[in-house]
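Colleague: need coordinates for the below:
(chains A and B)
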Protein chains: 2
Amino acid sequence: MHDWRVVKALLFDVQGTATDFHSTVCDEARRISAGRHPDADWPDVVRRWRAGYFAALDTAERRGADWVSVHAVYRRALDAVLDERGIAFSAAERDELTRAWRRLRPWPDVVPGLTRLKSGYTLATLSNADVSAVIEISKRAGLPWDAVFAAEMAGVFKPHPAIYRMAATYLGLQPAQIMMVASHKYDIRAAAELGFRTAFVARPLEFGADGEADVDYSDEFDVNASDFLDLATQLGR
Amino acid sequence: MHDWRVVKALLFDVQGTATDFHSTVCDEARRISAGRHPDADWPDVVRRWRAGYFAALDTAERRGADWVSVHAVYRRALDAVLDERGIAFSAAERDELTRAWRRLRPWPDVVPGLTRLKSGYTLATLSNADVSAVIEISKRAGLPWDAVFAAEMAGVFKPHPAIYRMAATYLGLQPAQIMMVASHKYDIRAAAELGFRTAFVARPLEFGADGEADVDYSDEFDVNASDFLDLATQLGR
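Modeller: Just a heads-up that it's a prediction; the model follows:
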């Protein structure tokens, strides 16, 4: 086993890595739909919604005073998807469905895995979600973070270098003492470029049973793990 | 009992309100001194040190890139006090003693009080201490915050309005939905001016047995409490 004693803190992506947004949001869409849209392909709708959110973040320039909440980004992206698919949700229903992103359920390994890791490492989020959304998700799910860091605090979204540097500053640590944990390779690759350690966690169901998640392990990462329990074991906890 | 259902989140001062810095730092000074300074009045030294820290914050202009860690502020303030009192600590000993502010012990009511409050409210720090210090204190003591907010994130210290507004933004709440909890009246008065609810918690031993803490209850605050357990009771938890 590698000696990971140099690592003092772990930073976690939240949407996808720690939480199962696809099943949470699909369930919420079906509940709000209440049988009115029997032909709706909700798994596909949620995948398209998530893709629309990513596209909006990519093109956004929202530093400082122009910051727009991620909730608003999701809300706008939803309109495009529902209109394209001909799903007639009211504005109130669209607002309600968008709030599902604030109530994401954790993957089953997350609470026990974090609990084991917490005895040896400082655990913090590093999420593109709004601070208030990360807090709500974490409080509902009992995620035992030592701190919540989010894009809203940096004024930029991952994978911008400033957000990883912000986390290192707040932790009072060097990048080599911090491991970024995510199921998204663009996220941990951005951290690695700045000298952070990296852990890739495979989440084969991130986009649902019919989704195409990239779950290939790679030697470019310091750790490749099947879930947070496997991560805890590999990090000696 | 007042109906506090409008309040969704509580913000806590850390140094003094949630933790007993005076006894923690005195104990650490005696340990490091190891009997070499039998005449040192450590309770007085720590009071002067804390006062020197406050004076430095008051005169500081450290927004943005010029931000200086609170650890560095304490470290410099210590030199003045020790030299004035003729206490010959080495630089390494001064560094070690300054780190005591990162290991402050909670008052005995804090963990059980926060645990009760956590079931009904979002709990966050709003501290002038460095983010990393708040994390270290909280992790050692098991303080169950939902989030850590600190001056370092705002670029200004309490009682500057920007730090209270930052917390409201990150929580996604209106000031009237947030209660600032502190044993320092300047802190909760600053929050009240912005529309926050306020809770005064009396900490008669904040400056030690011979210190002069202001513990007078006042009608100007929404809640006056003897400790965090009393606060939980008054807030219906």
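Colleague: switch to C-alpha atoms for all contacts and neighbour counts from now on
Modeller: OK.
Colleague: A:M179 - that's part of a strand, no?
Modeller: Yes: according to DSSP: H, G, I helix; E, B strand; the rest coil, A:M179 belongs to a strand.
Colleague: OK, contacts around it?
Modeller: Contact analysis of A:M179 by C-alpha atoms under 8 Å, 6 or more residues apart in numbering or on different chains lists A:V7, A:A9, A:L10, A:L11, A:F196, A:R197, A:T198, A:A199.
Colleague: quick check: end-to-end length of stretch A:132-152?
Modeller: Length of stretch A:132-152, first residue to last, C-alpha to C-alpha, to the nearest Å: 10 Å.
Colleague: ok so, going back, which of the contacts of A:M179 are close to chain B?
Modeller: The subset of the contacts of A:M179 within reach of chain B, by C-alpha under 8 Å from any C-alpha of the partner chain, is empty.
Colleague: I'd like to know which of these is nearest to B:F21.
Modeller: The closest of the contacts of A:M179 to B:F21 turns out to be A:A9 (C-alpha to C-alpha; 25.4 Å).
Colleague: hmm, A:L123 and that closest one touching each other?
Modeller: Yes: with contact defined as C-alpha atoms under 8 Å, A:A9 reaches A:L123; the gap is 5.9 Å.
Colleague: any residues touching the helix or strand A:Y53 falls within, and which ones?
Modeller: Per DSSP states H and E, A:Y53 falls inside helix A:42-59. With C-alpha under 8 Å, 6+ apart as the test, helix A:42-59 has contacts from A:22, A:25-26, A:29-30, A:73-74, A:77-78, A:81-82, A:85, A:157, A:207-208, A:210-211.
Colleague: how about stretch A:101-113?
Modeller: Under C-alpha under 8 Å, 6+ apart, the answer for stretch A:101-113 is A:15, A:18-21, A:24-25, A:133-134, A:136-137, A:140-144, A:227-232.
Colleague: cool, and stretch A:195-210?
Modeller: Contacts for stretch A:195-210 (C-alpha under 8 Å, 6+ apart): A:16-17, A:20-23, A:43, A:47, A:175-185, A:188-189, A:191-192, A:211-217, A:221-228, A:231.
Colleague: got it, and stretch A:226-236?
Modeller: With C-alpha under 8 Å, 6+ apart, stretch A:226-236 has contacts from A:1, A:4, A:109-110, A:112-114, A:116-117, A:199, A:201-203, A:223-225.
Colleague: can you show me the strands along chain A?
Modeller: For chain A, the strands defined by DSSP state E occupy A:9-12, A:122-127, A:147-150, A:178-182, A:197-201, A:223-225.
Colleague: reformat those as a markdown table; add mean pLDDT.
Modeller: Listed next are those as a markdown table, based on pLDDT from 0 to 100:
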| stretch | mean pLDDT |
| --- | --- |
| strand A:9-12 | 98 |
| strand A:122-127 | 98 |
| strand A:147-150 | 98 |
| strand A:178-182 | 98 |
| strand A:197-201 | 98 |
| strand A:223-225 | 98 |
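Colleague: now do the contacts for A:A18.
Modeller: With C-alpha under 8 Å, 6+ apart, A:A18 has these contacts: A:F12, A:P106, A:W107, A:V110.
Colleague: what are the bridge partners for the second one, then?
Modeller: I take that to be A:P106. Beta bridges link A:P106 to A:T19, judged by DSSP bridges.
Colleague: what's the answer for the first one, then?
Modeller: When assigned by DSSP bridges, A:F12 has beta-bridge partners A:T125, A:V181.
Colleague: ok, now which ones touch it?
Modeller: Counting by C-alpha under 8 Å, 6+ apart, A:F12 has contacts A:A18, A:L123, A:A124, A:T125, A:L126, A:S127, A:M180, A:V181, A:A182.
Colleague: ok, it to chain B distance?
Modeller: As for A:F12, its distance to chain B is 15 Å (criterion: C-alpha to the nearest C-alpha, to the nearest Å).
Colleague: can you check the last one too?
Modeller: When C-alpha to the nearest C-alpha is the yardstick, A:V110 and chain B sit 17 Å from each other.
Colleague: can you get me a residue count around that residue?
Modeller: Using other C-alpha atoms under 10 Å in any protein chain shown, A:V110 is surrounded by 21 other residues.
Colleague: how about the residue of chain A most remote from its centre, phi and psi?
Modeller: Here the centre of chain A is the reference, and by C-alpha atoms, centre = their mean the most remote residue is A:R36, at 30.3 Å. Backbone geometry at A:R36, expressed as degrees, to the nearest 10, gives phi -80, psi -20.
Colleague: ok so, going back, tell me the one of the contacts of A:F12 nearest A:L171?
Modeller: A:A124 (9.2 Å).
Colleague: now do the buried residues in stretch A:112-132.
Modeller: Buried residues in stretch A:112-132, counting neighbours by 16 or more other C-alpha atoms under 10 Å in any protein chain shown, are found at A:113-118, A:120-132.
Colleague: got it, and stretch A:172-192?
Modeller: Neighbour-count burial for stretch A:172-192 [16+ other C-alpha under 10 Å]: A:173, A:175-185, A:187-192.
Colleague: kindly report the same for stretch A:22-34.
Modeller: Buried, per 16+ other C-alpha under 10 Å, within stretch A:22-34: A:H22, A:S23, A:T24, A:V25, A:C26, A:D27, A:E28, A:A29, A:R30, A:S33.
Colleague: so for it, mean pLDDT?
Modeller: When pLDDT is averaged over stretch A:22-34, the result is 97.
Colleague: of the contacts of stretch A:226-236, closest to chain B?
Modeller: A:L117 (12.8 Å; C-alpha to the nearest C-alpha).
Colleague: measure that closest one to A:T17 for me?
Modeller: A:L117 is 15 Å from A:T17, by C-alpha to C-alpha.
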